[in-house]
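Enquirer: take this sequence and fold it.
(2 chains, ligands or ions: 2)
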Amino acid sequence: MDLIIILQAGVATGTVLLFATIGEIFSERSGVMNLGVEGMMLLGAMSAFSVAVSTGNPWLGLLVAMLAAGLLSQIHAFITITLQADQVVSGLALTFLGTGISLVLGEGLSKAGAISLLPNFSIPLLTKIPLIGPIFFTDQSIMVYVGYLFVPLTWYFINRTRPGMHLRAVGEHPAAADSLGISVYGTRYFYVFVGGALAGLAGAVISLAVSPGWFSELTTAGQGWIAVGLVIFAQWDPVRAMFGSYAFGALRRLILDIQGPAMILGFNNPFYYNPYWGFFLQMLPYAFTIFVLVIGSREAVRKRLGAPAALGQPYIRGERGL
Amino acid sequence: MTANNTLPSGQTRIDTLEMSGITKRFPGVLANDSVDFDVKAGEVHALLGENGAGKSTLMKVLYGMYHPDEGQILLNGQPITLNSPTDAINLGIGMIHQHFMLVETLTVSENVALGLPSTRGPLTDLKRVSERILELADFYGLKIDPDAYVWQLSVGQQQRVEIIKALYRGAALLILDEPTAVLTPQEVDELFVIMRQMTEDGHGLIFISHKLHEVIEICQRVTVLRDGRMIGTRSIAATTKSDLASWMVGREVSMTRDLVPMKPGEPRLVFEEIACNSDRGTPALRGLNLEVHSGEILGLAGVSGNGQRELAEVATGLRPATRGRIILEGREITHLSPGVITDLMLSYIPEERMRDGMIRDFTVAENLILREFQKMPYSKNGFLRLKTIDSHSEGLVHAFRVKTPSIETPVKSLSGGNIQKVVLARELSRKPRAIIAAQPTRGLDIGATEYVHAQLLEQRAAGTAILLISEDLDEILAMSDRIAVIFEGQIMGIVKRGEATPEQLGLLMAGVKEESEIA
Ligand SMILES: Nc1ncnc2c1ncn2[C@@H]1O[C@H](COP(=O)(O)OP(=O)(O)OP(=O)(O)O)[C@@H](O)[C@H]1O
Ligand SMILES: [Mg+2]
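Expert: Ligands and ions are numbered 1, 2, ... in the order given. This is a model prediction of the structure:
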C-alpha cells in the first residue's frame, strides 16, 4: 500500500464522480432534482464503449455518450417540468430506464477485445513537484486534466456570468425570474440536459479511461448515487464537489487496497483473512451516501445547507401564491 | 410642453392610461365586470375595495399577467395589447407585487440586472448596474447598498429594491399592490416621500391599500371596486376616512374598539426562559419570559424578524425549543407534537396563511376541518361523514362571510382576505382555551378587520387567553389589555393599556430600554 498511488488513483476515479456531481449541481441549481444519474451514467459508459469499439475512435464515443445521456435526461425534463410530476419518482424511473436500455444494448459488449482508449500522459514540469506532481500530474488520463480546468470554469460560470445568474434566479425564485422575462421552462430544460450530458461524460470516463471495459451494471456500481449524495455534501458548490469527489475516489481505492496485504502495520490484516470485513468496508461509501441523502431530505437541513429554494417544485405561471 | 415629456430615467412619460370595459372571469367568479379605470402622469390614483373585489386582478391585467376576456387598454390614446409582463415592462408599466419578486440569494444589483441585456455580452456588467442604481437612489433620496444580499435586507429595504428595479427598467407608470401592508410606520413615511418625488417627476402611480388614512394622505383620486364592478371615482379632496369607509363597504363601519374591562384570570399560556433557533440556525429567541392570562389579549409588538414567528412556532410545537418551558393551563407542552397541542385546544392563526394555515389544493370545506377531521362528528370508524362536514362548512362560510363560489372551491383561488377568513373560522369555531394570532388582519379590508377584532373580543369575553402578534401598532394599541415588546428574541418591556404611547413603544421596538433613555 502506497499512499501516493492511492491518492493518484483517487484523483482518477474521483474524476468520474466530479463530472457526474457537477452535472447534477447544474440541474439542481435550476430547481430540478434528477435521481436518474446512475442510469444516465450507465448509458454513457455503454454507448461510449460501444461506439469506441465499432469506430475505433474514443472521442466519438465520448461525444455520443454525452448526447445519449443528455437525450435520456429530457424524458425527466418533460415529465417534471412540462407535466409537473414528482421529481423523485420520475428520477427513480429514469435510473431503471437507463439501466435497462444499457443492459439490453450492451449485450455482448463485454467480450469486445482491446480498444483504443482516451490517452494518458504526464505534464512535463509540474510532474516534478514533490507530492503534488506524482498525485495530480503524472500518467493521468486527459479527462483528469480536463476536470482540473472544468471546476474553476464552472464556478466562474455559475457565480460570475449572466447566464449563471439567470440559472441561480430560476432555481431560487422562478416567479421572480419569469416576471423579468427569463424563460423558466427553457432554462430548466437546458440545465437538465447539461446534467445528463455530464453524467454521460462521467460514464464514458469510466469505460474509456479509468477502468476500461463494459461490465454491465458493475461498470458504474452505484457511483451515480454517490454523486447525488455528493451534491448535498458539496452544498451545490463545484469547488467543494471537487474535494468531495477526489476524497471519495481515494476512499474507493483505499478500500480495495486495504484488502490486499496479509500483514498491515505488523498485524494480521483482518480484511485479508475475513472476506465479510471486506464487504463491510466496501459498503461504507454507499452507507455514507444513504446517510447524506436521508439527512438532506429534511427541508430545514437543506435550507441551512443552502439548497436552491425552489428545488423539487414545479413552476406554474400565474398560480396564486400568497 | 413637449420638452417635458421625458422622465429623469430617460423614459417617455405616460400621460394617460385608460382601461375601459375590462372584464375578467375565473371559473365561477366574475373578478372584473366591465371596469373603467384611468391614471394620469403626476398623480397617485388609489384603488379601494373589500377583499376579493378584484383589485389585484385588474392590476394583473394591466401588467400583462392575465389576459382580459373583454375590454381594451389605451396608452396615450393608442390601444395596446399585453401578452406578458415583458410587454408591459417594455411599454413602461411596472408593478410591485405584495409578495416581493426578489431572489434572496442574489445581491441587489444582481436582482436589478436579471433579464436585462449586458454591455459585456455573456458576462455581467454589475459595476455599471451598481453605478446606475446609485444614481437613481441618489435622485430619489433612497438609501441602498447595491452589493448587499437581499436576504440581509429588512422588508422596507427590499421594497426599495423593487422600486429601483422598476425605475431602472424605465417604468413610467408604477402599480403598487398593498405596498404598505408589511411596512412599519416609519417605512411607510419613507415610501411616501419617494412616491411624492416620483409623481413630481411625472410618473403615474396606482396605489392599493386597506388603510384609509394612507389613501387620504398620498392620493389625489380614488376609485372603488365592489364585487368586481366599479362603483365610482372621486377626488380625495373633501373626503374623510369615514366617508371612504362607508362608500367602500356600503354601510357604516366602526373605527374604534371597545374593550369591556375584564378581570384577567389565571396565567394560562406561560413561556419560561424559552430559547430556540431560526431557520438559519442562529438564535431567534434568547430566554423569553411571558404570561398570557385567561380573558386577556396580550399584544406582542415588534419590528418583524425579532423572533415573533419563531415564538408562535415554538408554542404550537412546529419548532423545537432549545431551552426553557411552555405551559398551557398548568401542563407543560414544550416538547409535545403539534397534534397533541392542538388537542389541548391551542388555536393558531399563522402569519403565512397559505403555507402554514392551509392546504392550497384542498377545498374550503376540507380546510375548515383540518384540525378535527379524525374526530367525531366529522369522521366515524375511519370514514369521513361528508354530510356533517358540508353542513358545518356551509355554516361557517355563512357566519364568517367568506366570499367563495362554493365550499368545494380550492382555497388557492380565494382572495387573500377570504383565505384569512377561512383560517379564522376554523381556529375560532372550536372554542379554544388559548389563541396565538399572528398578523390576523394583515391584508384584510376594514369590514373584515372589524369582524376579526369582534371575534377576538368575543373569545376574550369567553375567557380565552389571546396572544396577538402584530406589527401594526394601531391594532396593538386598540386591541390589547397589555402590550409586550419583543426585540432580538427577548421581551424589552410590558406596558398596560392606556399607559402606552406610540413613541414609548417605538423606542422599545428599537431596542432602547427606558433607563438608558436620554431625555
Ligand atoms: N387565479 C385565479 N383563479 C380563480 N379565481 C381567482 C383567481 N384570481 C382571483 N380569483 C378570484 O377573483 C376575485 C378577485 O380577486 P382579487 O385577488 O383580484 O381580489 P382583491 O381585490 O385583490 O382582494 P384582496 O384585497 O383580498 O387582495 C376573488 O373572488 C378571487 O377568488
Ligand atoms: Mg389583492
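
Enquirer: which residues touch residue B:409?
Expert: B:28, B:363-364 (C-beta atoms under 8 Å, 6 or more residues apart in numbering or on different chains). All C-beta spots, glycine's among them, are computed from the backbone N, C-alpha and C.

Enquirer: can you rerun that using 6 Å?
Expert: By C-beta atoms under 6 Å, 6 or more residues apart in numbering or on different chains, the residues touching residue B:409 are residue B:364.

Enquirer: residue B:194 too?
Expert: Contacts of residue B:194 by C-beta under 6 Å, 6+ apart are residue B:140.

Enquirer: isn't there a strand covering it?
Expert: No. Secondary structure of residue B:194 (DSSP: H, G, I helix; E, B strand; the rest coil): helix, not part of a strand.

Enquirer: any low-confidence regions in the stretch 201-322 of chain A?
Expert: For the stretch 201-322 of chain A, the stretches with pLDDT under 70 are A:318-322.

Enquirer: swap in 80 and give it another go.
Expert: Residues of the stretch 201-322 of chain A meeting the criterion pLDDT under 80: A:259-267, A:270-272, A:275, A:296-304, A:317-322.

Enquirer: helices of that one, start to end?
Expert: A:223-233, A:238-258, A:270-273, A:275-296, A:299-305 (DSSP state H, counting those that start in this stretch).

Enquirer: same question, the stretch 351-500 of chain B
Expert: Under DSSP H, counting those that start in this stretch, the stretch 351-500 of chain B gives helices at B:364-368, B:386-399, B:416-428, B:446-461, B:473-479.

Enquirer: which secondary structure elements does the last one sit against?
Expert: Counting contacts by 3 or more C-beta pairs under 6 Å, 6 or more residues apart in numbering or on different chains; DSSP states H and E, helix B:473-479 is packed against strand B:297-301.

Enquirer: helices or strands next to the helix or strand following the strand it packs on in the packing?
Expert: Sequence-wise, the next helix or strand downstream of strand B:297-301 (DSSP states H and E) is helix B:308-315. With contacts taken as 3+ C-beta pairs under 6 Å, 6+ apart, helix B:308-315 sits against strand B:434-438.

Enquirer: partner strands of the strand it packs on, with direction?
Expert: Partner strands and pairing direction for strand B:434-438 (DSSP bridges) are strand B:346-349 (parallel), strand B:465-469 (parallel).

Enquirer: run the angle between that strand and strand B:297-301 for me.
Expert: On the basis of axes from the mean of the first three to the mean of the last three C-alpha atoms, to 10 degrees, strand B:434-438 is oriented at 30 degrees to strand B:297-301.

Enquirer: buried residues, strand B:434-438. List them.
Expert: B:434-438 (16 or more other C-beta atoms under 10 Å in any protein chain shown).

Enquirer: where's the dip in pLDDT among those residues?
Expert: Least confident of the buried residues of strand B:434-438 in the model: residue B:438, at 92.

Enquirer: thought that residue was touching residue B:468?
Expert: No. Assessed by C-beta atoms under 6 Å, residue B:438 is found out of contact with residue B:468, at 8.5 Å.

Enquirer: between the helices of the stretch 201-322 of chain A, which gets nearest to residue B:72?
Expert: helix A:299-305 (45.5 Å; C-beta to C-beta).

Enquirer: got the phi and psi for the closest residue to chain B within the stretch 1-150 of chain A?
Expert: Nearest residue of the stretch 1-150 of chain A to chain B: residue A:29, at 10.7 Å (C-beta to the nearest C-beta). The phi and psi values for residue A:29, taken as degrees, to the nearest 10, are phi -60, psi -30.

Enquirer: number of nearby residues for the nearest residue to it once chain neighbours are set aside?
Expert: Leaving out its chain neighbours, the residue that sits closest to residue A:29 by C-beta to C-beta, 6 or more residues apart in numbering or on different chains is residue A:171, at 4.8 Å. Using other C-beta atoms under 10 Å in any protein chain shown, residue A:171 is surrounded by 28 other residues.

Enquirer: wait, a strand at residue A:171?
Expert: No. Under three-state DSSP, residue A:171 sits outside any strand and is assigned helix.

Enquirer: contact partners for it?
Expert: A:29-31, A:308, A:310.

Enquirer: now the residue of the stretch 251-400 of chain B found nearest ligand 1: closest residue in space that isn't a chain neighbour?
Expert: Relative to ligand 1, the nearest point of the stretch 251-400 of chain B is residue B:364 (10.8 Å; C-beta to the nearest ligand atom). What sits nearest to residue B:364 in space, not counting adjacent residues and going by C-beta to C-beta, 6+ apart, is residue B:407, at 4.8 Å.
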